[in-house]
Structure formats: structure tokens, C-alpha cells
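Visitor: My questions concern the predicted model and sequence given below.
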Amino acid sequence: MTDQTDGASRAVVQGVQKMTPSEAFAETLVANDVKDIFGIMGSAFMDAMDIFAPAGIRLIPVVHEQGAGHMADGYARVSGRHGVVIGQNGPGISNCVTAIAAAYWAHSPVVIVTPEAGTMGTGLGGFQEANQLPMFQEFTKYQGHVNNPARMAEYTGRCFDRAMSEIGPTQLNIPRDFFYGEITTEVPQPKRLDRGPGGAQSLDEAAELLAAAEFPVIISGGGVVMADAVEECKALAERLGAPVVNSYLHNDSFPASHPLWCGPLGYQGSKAAMKLISRADVVVALGSRLGPFGTLPQHGLEYWPENAKIIQIDADHKMLGLVKKISVGICGDAKASAVALGERLAGRTLACDANREERAAAIKAEKDAWEEELDEWTHETDPFSLDMIAEQEQEEGNWLHPRQVLRELEKAMPADVMVSTDIGNINSVANSYLRFEKPRSFFAPMSFGNCGYALPTIIGAKAAAPERPAISYAGDGAWGMSMGEIMTAVRHDIPVTAVVFHNRQWGAEKKNQVDFYDRRFVAGELENESFAKIGEAMGAVGIVVDKLEEVGPSLRKAVDLQMNEGKTVVLEIMCTRELGDPFRRDALRKPVRLLEKYRDYV
């Protein structure tokens, strides 16, 4: 594709000047280093869009605006810069709500620009009119509404500043007629907070708890990634000899090759991590809000150490002690707080120094046992899964066990890889197998848990880091929601590798029907055409895998095509209908029927 920004100037105009609101908007984007925007063109912002190219801004057109929002999320999470999404007023904007909600729970600095119906028609029920601020009020950290064209630069700059300072999405709402006219204004320079380590008293209290701890454990959360604090987390862990567990869906927050790494907590996480944290007398939750879903029992283990002292460190004071009872709360930057704690422990004799070798042996033993279990865990062994395996042995074709597939994919992962996962049964089982060496490498829809997330998010990540291999995971249900964005990847030369687990069902919800509704399946079956062939019809390379020995080589081939030939690949893996544990046993109850006509439905 020809770069529409070739020859563009990135110099920002200085001082108070006459300009149009569209120029003030574009120049404020430039001041905030915006190079890419995801969305679909629309008349509501066409006057500003017309000058994106000379401003050095590329508008990447998508298939659906939800995809644009997810791309902005992936872009922000990889780059550490803003992700920006824009669309036509009304339906183009309402299409983005789900994606912004996902970005909110991922703490992504996404700015959604929402051009609005013109001020002279507001309230008349005109074409594509909608009240757009309430749509996003639950999922944004700040909402800026441009109430006068002269304030365009002011509100635009504030939305970009707040996205960074509040660590989450913001909304910039602009009546479409406010892009026009002549104003006198100044383009504001970005304001970035210099976050500190937290209060001295709380840091001192935390250091005393750690000095007395005999089995400290560190939870490395998303805040470690966002603060670029992996090295500082490592230094603190090494001083303590403490096992480090990843918070749920933040598998990239500590390098998997490190001897103190123990894997993720939460759904389909690491038994080693869970068994070790259950032994903790002091837990340091570094950059984690300790979300409720990420600390639920798993693998039959009630692993949260109820009697341990909890030190929680988070940049948002509202998260401290919100979910779990804590002993010390530190409102601070994960990097600065880890350094401050390390300084307080330096030169001291710690209680945990005496049993360092014993704890190191325990860490290694638990990790080795978990790896051995994963190697032997070739398929699910519950009665339903065994029935499905037997049934599919009678069908035509070869059907692969998801756990074996995930293990082979893990082994074939390239260095410096970025992976996004969708929501679904196989995708969630993948949490046991995804390991990373560097931060900003793993992306999932977090607490919002929406389908259709993985593909557009990895496209956004690839746009931000084209030098890195980019791979998405999706089941066939979630894949159907977003597969059209393959056209975006192909059209705009943003090559990615999309792994699709084809098991012909809505697996996560179907598992609930197995466990609670006596296998009465309603709306859970999905009979599909070949996703590889559909991908080929959209301009991608399609590869079908139905032999286990072909899984790793096929992934390596797809990544080679991505990195060396600029090809997007749909890698369709034919999987059995076996299912892993359900998401939420705690969220459902066995059915009770009181009316006679429903008595058998128990």
C-alpha cells in the first residue's frame, strides 16, 4: 500500500494562531504523536480527515467499527502510546461500545473520537442522531465534549492527557459542525504525570512485612507491563528469592525462562503458581487490582492464602483493598514502588534468607510437576469429552485433541512473538501453555470477556510493531464475529497469523449445558464451511491442519509467510469436541422446575 503520509510534516505549530477547528484537531493529534487511526470514513469528520495525510496521520479503514476499537486497543497495549479510533456519528460510534469496554478493563489508553450530529439538529431525531456520551460513560475515564469550536484543541489535548494519567479510554465528542470556521487558539503540549513510588509510611510498613516473611510470593500484574517494570520486579523477586506468579491474562508480566517464574493464576492457570501462592505468608501484588475472576479457585484448588499478609501496589488508589483484604496498600507506580521496596530491603538480613535454598527447591519441584502433568494431559477425561472423542473417531477426517495442539503451538512460537486470545473454551485452556519472555506480548479481552476480540486486536498490535510476529487464537464461534477483518489485514498490508480452532461448537457455554443441564444442547452447535477457504476468498493464505505432527511446522510456515512475504494466514486446526473446565461453576446452579410441563428438565 502507498503510504498516504509520505512527505508529511510532523512539526507542531507553535503559539497562538488563527486556524480552523479541523486544523486545531489535527495539530493536537500530531502533538500527541498520533500516526495511525483506526475507523471507517464518515462525512461527520471528513473536513478533518482531509488533512490527515499532510499531518502525517494514516487512517486505517476497517470492516466494522468494533474491530477498529479492538485494533486501537492492541496498538496501545503494544506501543505504550495512545490508540485512536474514529467513526461516523450514530451507528459508527455505537458499534464501538464493546471494544471500548474491553479496552477499559485492559487499562488501555485508547481515545475514541465520536463526531456527533450537528448542533442545529440536535433533539430533532435527524439522520444518525444519537446521544453518544451516555453510551460510553461506564467505560471511559474521561469524556470531553467540545461545546464551542474555539475549544477544539483544549478538549482534544485533555482527552489525550487523561487517557495516560487515568490509564484507560477517554472519549472526545465533537458536534460535526464544530469542525468548520475560524478560531484563534494554541495547540497544547502533552502533559504526562511523573508517578512516584507511593507514600513513605506505607512503603516502610511493606518493607517490614517482607523482612519478616518466610515465604513471600510476588504477583506480577498488568501494572508491571504498563510501567515497564519487569526488570525491577525481577530484582525484587531475586532479593527475596520469591516465586513470581502472573496475574490472570498477564502472562507477559514476567519472563517464563526465569527460575522464579511460576506461571499464571486464574482460570486454566498454572497449578505450580497456585500451590506456591497457597503457601505464602506475605504476598506482594505488584501492579494488580486482584480482580475477582483472576483469583477464583481452579483445578479444584482453593489457593488464595486467606491468612497471608497482602501488600497491594496499584497506580489507582480506588483498587486498593477493593477485592481482597489487604494489610498494606501502596498507591504508586509499579516500577518506582519495586525500586523503593528493594532499597528498603538492601543490606538487611531477611527472615526468608535462611530458607532460600529450600524455597528454590520447592519452586523447581512444583514447576517440574506441572510441566510433567501438562505433557501427559493429552486430552480431557470427563465423561462428555470421552464420549465426544469416541464419537469423532467414527467420523470422517482426523480430529486433534486441543491440549496437544496447544502444546505444539507453544513449542513452535517464534521469539519476540505477540499473541492475542479470544474468549472460549480452547482459548482459555491456552492460558496453561502461553509463555513469554518480554512484556507487551499477550492480549486478551480481560474482564469484559467479549468474543471477536483476538483478530482485530492482533492487527492493531502488528500495526504498532510490524517487526514482531503476530498470532491470534480464536474458536470457530468467536472467529465468526471478527473474521471479516482479515480483509483489513490484506488490504492494508498488516500481515498476521490467525489460528482458528475448528470444533464446531460454542464450547464455553456448551460446557455449562453439559455440567448443569444434562446435555440438553440449545443453540450450541456450529457447522461451518472451511475457514481456511473463506480466508483465501478474502485474500489470505489458508492452511488446514488435521495431523498433530503438522501443527508446529504449519505455524512456523505461517509466521515465515507473515514476516518474509507479508502474507496473512488463516491456520485452521480441526479439533475434537472435548471441553475443558467451565468458566464459572460458582455462577450457575442446578436447575429446579416447579411447573409440571418442565419437570423433566432437571
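Guide: That came in fine, so what should we check first?
Visitor: what residues are up against the closest residue in space to Pro402 that isn't next to it in sequence?
Guide: Nearest non-adjacent residue to Pro402, counting by Cβ to Cβ, 6 or more residues apart in numbering: Ile426, 4.6 Å away. The way it works is simple: take the backbone N, C-alpha and C, and place the C-beta from them, glycine included. By Cβ atoms under 8 Å, 6 or more residues apart in numbering, Ile426 lies in contact with 402, 406, 473, 475, 501, 503, 507, 575, 580.
Visitor: swap the cut-off to 6 Å and go again
Guide: 402, 475, 501 (Cβ atoms under 6 Å, 6 or more residues apart in numbering).
Visitor: What score does it have for pLDDT?
Guide: Predicted confidence (pLDDT) for Ile426: 94.
Visitor: In a helix, His70, correct?
Guide: Yes: per DSSP: H, G, I helix; E, B strand; the rest coil, His70 lies within a helix segment.
Visitor: That one and Gly222: what is the separation?
Guide: 17 Å (Cβ to Cβ, to the nearest Å).
Visitor: Those two: which is more packed in?
Guide: His70 (39 against 28; other Cβ atoms under 10 Å).
Visitor: which residues touch the more buried one?
Guide: For His70, the contacting residues are 99, 453, 456-457, by Cβ under 6 Å, 6+ apart.
Visitor: same check, this time on Ile311
Guide: Ile311 neighbours (Cβ under 6 Å, 6+ apart): 206, 284, 328.
Visitor: what about 8 Å?
Guide: Neighbours of Ile311 in contact, by Cβ under 8 Å, 6+ apart: 206, 209-210, 282-285, 326-328, 330.
Visitor: Would you mind checking those residues for buried ones?
Guide: Neighbour-count burial (16 or more other Cβ atoms under 10 Å) applied to the contacts of Ile311 gives 206, 209-210, 282-285, 326, 328, 330.
Visitor: Could you point out the member of the residues you listed that lies closest to Arg491?
Guide: Checking the buried ones among the contacts of Ile311 against Arg491 with Cβ to Cβ, the nearest one is Ala285 at 43.0 Å.
Visitor: mean confidence score for the helix or strand encompassing that closest one?
Guide: Secondary structure assignment for Ala285, by DSSP states H and E: strand 282-286. For strand 282-286, mean pLDDT is 98.
Visitor: Can you list the strands that the helix or strand following that strand pairs with?
Guide: Under the assignment DSSP H and E, the closest C-terminal helix or strand after strand 282-286 is strand 309-314. In the sheet, strand 309-314 lines up against strand 282-286 (parallel), strand 328-331 (parallel) (DSSP bridges).
Visitor: just for the stretch 1-150 of the chain, where's the confidence low?
Guide: 1-9 (pLDDT under 70).
Visitor: thought Asn246 was touching Pro255?
Guide: No: Asn246 is beyond contact range of Pro255, at 10.5 Å (criterion: Cβ atoms under 8 Å).
Visitor: quick one: common contacting residues for the two?
Guide: With Cβ under 8 Å, 6+ apart as the test, Asn246 and Pro255 both reach Trp261.
Visitor: of these two, who's got more company?
Guide: Just comparing Asn246 and Pro255: by other Cβ under 10 Å the higher neighbour count belongs to Asn246, 32 against 18.
Visitor: Could you find the closest non-adjacent residue to the more buried one?
Guide: Closest to Asn246 by Cβ to Cβ, 6+ apart is Pro264, at 4.1 Å.
Visitor: which strands and helices sit next to whichever strand or helix holds Ala48?
Guide: Remark: Ala48 resides in helix 46-49, with elements defined by DSSP H and E. In terms of contacts (3 or more Cβ pairs under 8 Å, 6 or more residues apart in numbering; DSSP states H and E), helix 46-49 is packed against helix 21-31.
Visitor: mind running it again at 10 Å?
Guide: Packed against helix 46-49 by the contact rule (3 or more Cβ pairs under 10 Å, 6 or more residues apart in numbering; DSSP states H and E) you find helix 21-31, strand 110-116.
Visitor: Might one say that Ile486 is in contact with Ala474?
Guide: No: using Cβ atoms under 10 Å as the test, Ile486 is too far from Ala474 to be in contact (11.4 Å).
Visitor: Quickly list what's touching both of the two.
Guide: Residues touching both Ile486 and Ala474 comprise 455, 498, 531, with contact defined as Cβ atoms under 10 Å, 6 or more residues apart in numbering.
Visitor: Narrow the residues you listed to those in helices?
Guide: The members of the shared contacts of Ile486 and Ala474 that map onto helices under DSSP state H are 455, 531.
Visitor: Flag the shaky bits of the chain, pLDDT-wise.
Guide: Using pLDDT under 70, the flagged stretches of the chain are 1-9.
Visitor: In this protein, where's the longest helix?
Guide: Longest helix in the chain, counting by DSSP H: helix 356-376.
Visitor: residues of that helix that come out buried?
Guide: Result for helix 356-376 [16+ other Cβ under 10 Å]: buried residues 359, 362-363, 366-367, 370, 374.
Visitor: got the end-to-end distance for stretch 245-255?
Guide: End-to-end distance of stretch 245-255 (Cα to Cα, to the nearest Å): 11 Å.
Visitor: Now do that stretch: distance to the chain's middle.
Guide: 12 Å (Cα atoms, centre = their mean, to the nearest Å).
Visitor: One more: stretch 305-321?
Guide: For stretch 305-321, the distance to the chain centre is 22 Å (Cα atoms, centre = their mean).
Visitor: what does stretch 70-85 give?
Guide: Using Cα atoms, centre = their mean, the offset of stretch 70-85 from its chain centre is 10 Å.
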